[in-house]
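the following block contains a protein sequence and its predicted model.
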Amino acid sequence: MSILCSILSHPLRIFIPAGLFYEQLSAVDETDENPEMTADRTRSPEPYGHGSSGPFPQARRRPARTGSTANRSSWFQSMSFEVLPNIPFWTKAKGRQREDDRKIQRKNHRQSPKGTLPTLPDIQQEEEETSRNTITCNRDDQSKRLFQDTLDLCSETDVINACRALNEKINDVALSLVDEWVETPSISRLRIRSGSSSGLGQTEAEYLRNATGQCLYNLIRSKRSLQPSSEVQNWVTDALQAVAAYELSVIISSTFCPGLSSQADVEMKETFENMLRSESLPAALRWRALTYTHSASNCKSENVKNFATKHVEDLACQFQSVFVLAGEKNSSVFMSRIQEVVAESEIIESAMRLSEILKTKLFSIFLDIHVVHPSTDFREDIMKVETNSTLDAVRARPVLCTLEIGLREVPPQDRSGRILLKTKVALAP
């Protein structure tokens with residue numbers, strides 16, 4: 001008892017709920033009720049405002065009492081009280097229940113299998129995949145539009161002018177060589193006499209027959225002499241132009257891209273031909289342009305230079321075969337000059353430029369050069385010839401050889417192709 005009294009007499013601040021505090025006061029007042037205090041407790045509460053406690057009642061100090069009642073409540077007078085709001089117990093229970101529910105929810109989420117509930121990394125990964133798919137779809141659409149685009153990077157007139165420039169070089173180099181051949185002194189010519197063997201190997205002779213035709217080949221061989229006539233000069237000039245057109249057609253039509261290896265060039269060309277059969281024309285032409293540009297930019301400059309040098313040597317060698325057929329010996333001074341003349345003319349570089357234009361600038365039309373095979377019947381719609389003969393006489397004569405390259409549209413399956421530049425030919429006598 002003494003311990004309890006010492007604790008209660010200690011000046012502590014005890015927090016007692018308002019309801020419990022008034023219950024204690026009521027129990028104290030049961031034996032001795034003061035009418036004034038009773039009336040005071042039943043008085044209406046003060047309105048809210050300055051000095052009021054709002055909806056919650058405040059503890060009041062009771063006046064000192066006498067007798068047993070004062071003794072029982074005297075220990076309250078020495079203590080100060082702060083009354084907590086009278087919060088219903090069910091409100092606290094609901095708060096505790098919500099907190100317990102959150103704990104259970106967090107526990108279940110941690111124990112749930114991965115992927116059952118989306119986490120932040122999963123959502124970010126899904127958004128990234130969606131973004132990548134969208135970008136891929138946009139790129140696919142752009143690629144489809146690109147490969148179906150028929151916008152040309154140059155006009156047909158530009159292509160025709162480039163082809164005419166190449167034909168001028170063919171004509172110029174042939175005339176230059178024949179003029180130098182005729183002007184060479186007869187002492188240094190060491191010409192082969194008429195009626196002797198051609199002096200050509202089997203490979204060279206076969207090549208000339210294919211390029212110039214058997215008819216022109218026989219005419220030149222039969223008219224060899226120490227001093228060539230003007231007629232022979234014309235035949236040799238025609239043969240040189242035919243050989244040049246034949247050799248340059250290999251660079252323009254038969255080669256996919258200068259500088260590639262032989263195997264790679266063949267594979268690329270076969271792929272393009274397959275695309276022409278299976279894909280739309282713009283798609284095939286776009287693929288060829290992109291592949292050509294990529295291949296040319298990645299080829300070593302030495303490879304492209306070697307490509308041009310090789311074709312200069314090949315063309316010079318074929319020109320030499322024509323002059324050997326006409327009676328010139330390989331050991332003459334003139335024969336050593338042929339390769340130099342061909343290199344200075346830049347005829348190979350001009351053919352490479354035309355090839356690049358045809359393969360990288362046109363997407364609405366498939367153009368290619370046109371060379372007429374010897375002994376073909378003359379056709380006025382695709383060929384032209386410089387002659388004073390009547391049209392009926394021209395139609396009756398076969399083609400001797402090709403003098404200048406033509407330009408035509410490769411016809412699709414549903415229609416015939418257009419002729420942009422007629423092929424110039426020489427007719428058989």
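Received, thanks. These figures come from a predicted structure and were not determined experimentally. Residues are numbered from 1 along each chain as shown.

who does the host helix or strand of Asn306 touch, helix- and strand-wise?
With elements taken from DSSP states H and E, the one containing Asn306 is helix 301-325. With contacts defined as 3 or more CB pairs under 8 Å, 6 or more residues apart in numbering; DSSP states H and E, helix 301-325 has these neighbours: helix 156-183, helix 202-212, helix 214-222, helix 230-249, helix 333-345, helix 347-360. (Each C-beta comes from the backbone N, C-alpha and C, glycine too.)

got those helices as JSON lines, with mean neighbour count columns?
Converted to JSON lines, those look like this (neighbours: other CB atoms under 10 Å):
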{"stretch": "helix 156-183", "mean neighbour count": "17"}
{"stretch": "helix 202-212", "mean neighbour count": "17"}
{"stretch": "helix 214-222", "mean neighbour count": "18"}
{"stretch": "helix 230-249", "mean neighbour count": "22"}
{"stretch": "helix 333-345", "mean neighbour count": "17"}
{"stretch": "helix 347-360", "mean neighbour count": "21"}
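
in TSV: these, plus distance to Pro374.
Shown next, in TSV, are the helices and strands packed on helix 301-325 (distance: least, CB to CB, whole Å):
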stretch	distance to Pro374
helix 156-183	17
helix 202-212	7
helix 214-222	7
helix 230-249	8
helix 333-345	23
helix 347-360	21
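
turn the ones you listed into JSON lines, including mean pLDDT.
Converted to JSON lines, the helices and strands packed on helix 301-325 look like this (pLDDT from 0 to 100):
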{"stretch": "helix 156-183", "mean pLDDT": "95"}
{"stretch": "helix 202-212", "mean pLDDT": "92"}
{"stretch": "helix 214-222", "mean pLDDT": "92"}
{"stretch": "helix 230-249", "mean pLDDT": "94"}
{"stretch": "helix 333-345", "mean pLDDT": "94"}
{"stretch": "helix 347-360", "mean pLDDT": "96"}
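
quick one: which of those is nearest Leu420?
Checking the helices and strands packed on helix 301-325 against Leu420 by CB to CB gives helix 156-183 as the closest, at 5.7 Å.

any low-confidence regions in this protein?
Within the chain, the stretches with pLDDT under 70 are 1-102, 104-124, 127, 131-149, 186-198, 225-227, 387-393, 413-415.

re the thing from before, among the helices and strands packed on helix 301-325, which comes closest to Gln263?
Once the helices and strands packed on helix 301-325 are compared by CB to CB, helix 347-360 is nearest, at 19.3 Å.

contacting residues for Ala289?
Lys359, Thr360, Lys361, Phe363 (CB atoms under 8 Å, 6 or more residues apart in numbering).

out of those, flag the one nearest to Glu328.
Lys359 (37.6 Å).

once you drop chain neighbours, what's closest to that closest one?
Distances taken as CB to CB, 6 or more residues apart in numbering put Tyr292 closest to Lys359, at 4.9 Å, once the chain neighbours are dropped.

which residues touch the helix holding Asn306?
177, 181, 192, 198-200, 204-205, 207-208, 211-212, 217, 220-221, 224, 236, 239-240, 243-244, 247, 250-251, 258-260, 296, 330, 334-335, 338-339, 342-343, 347-349, 352.

please report how far Thr271 lies from Ser350.
27 Å (CB to CB, to the nearest Å).

got it, and Arg288?
For Arg288, the distance to Ser350 - CB to CB - is 21 Å.

look up how far Thr423 lies from Gly259.
From Gly259 across to Thr423, the span is 29 Å (CB to CB).

among those two, which residue is more densely surrounded?
Thr423 (24 against 20; other CB atoms under 10 Å).

the residue nearest to Glu349 when sequence neighbours are not counted - how many residues pack around it?
Of all residues not flanking Glu349 in the chain, Ala308 sits nearest, at 6.4 Å (CB to CB, 6+ apart). Ala308 has 18 neighbours, counted by other CB under 10 Å.

which ones are touching the residue lying closest to Met352 once chain neighbours are set aside?
Of all residues not flanking Met352 in the chain, Pro258 sits nearest, at 5.8 Å (CB to CB, 6+ apart). Contact analysis of Pro258 by CB under 8 Å, 6+ apart lists Ile251, Ala296, Cys299, Asn303, Val304, Phe307, Ala308, Met352, Ser355.

now do 7 Å
The contact partners of Pro258, taken as CB atoms under 7 Å, 6 or more residues apart in numbering, are Val304, Phe307, Met352.
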